[in-house]
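Novice: Predicted model follows, preceded by the sequence.
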Amino acid sequence: MKMNAVFYDADFKAHEIKDIILSDKDALTQVTFDFKGPVNAVIINHDAHAYGKVLFDQRSLDTFESDLAKISDATARALIWRHVWNQTRDAKFSAVSFFNMVLKSISSETVE
């Protein structure tokens, strides 16, 4: 199975890594990419080609909580909302932090 990943740099520009191969025989322990500079957030399974439960790292969660509106791709934001809600429901992300994320970000969301 293949999946894509996206990471956001300090300016919230998306950098995509395509076709990461997942195998039930070999564990995926490392993905390399040629990028210099800080990474604000990472989204694995970008474009939802594979099925799996996604857990964001703390840096990504902090970035989404404070600056989700800076991610211009509405589909990526919808994916983030879904996965952050799942982490909240599973008690892996604070409900207060989720509520703060909603308060800060909801005004920039639209329904299409």
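Specialist: Now that the structure is in, tell me what you want to look at. Residues are numbered from 1 along each chain as shown.
Novice: tell me what the longest helix seen in the chain is packed against?
Specialist: Ranked by residue count, the top helix of the chain under DSSP state H comes out as helix 74-89. Using 3 or more C-beta pairs under 8 Å, 6 or more residues apart in numbering; DSSP states H and E, the elements in contact with helix 74-89 are strand 39-46, helix 58-67, helix 95-105. C-beta coordinates here come from the backbone N, C-alpha and C atoms, glycine included.
Novice: Adding mean neighbour count, distance to residue 89 and mean pLDDT, write those out as JSON lines.
Specialist: JSON lines is the format used below for the helices and strands packed on helix 74-89 (neighbours: other C-beta atoms under 10 Å; distance: least, C-beta to C-beta, whole Å; pLDDT from 0 to 100):
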{"stretch": "strand 39-46", "mean neighbour count": "20", "distance to residue 89": "18", "mean pLDDT": "78"}
{"stretch": "helix 58-67", "mean neighbour count": "18", "distance to residue 89": "14", "mean pLDDT": "91"}
{"stretch": "helix 95-105", "mean neighbour count": "15", "distance to residue 89": "9", "mean pLDDT": "93"}
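Novice: Redo those as TSV? Include distance to residue 84.
Specialist: Shown next, in TSV, are the helices and strands packed on helix 74-89 (distance: least, C-beta to C-beta, whole Å):
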stretch	distance to residue 84
strand 39-46	11
helix 58-67	6
helix 95-105	6
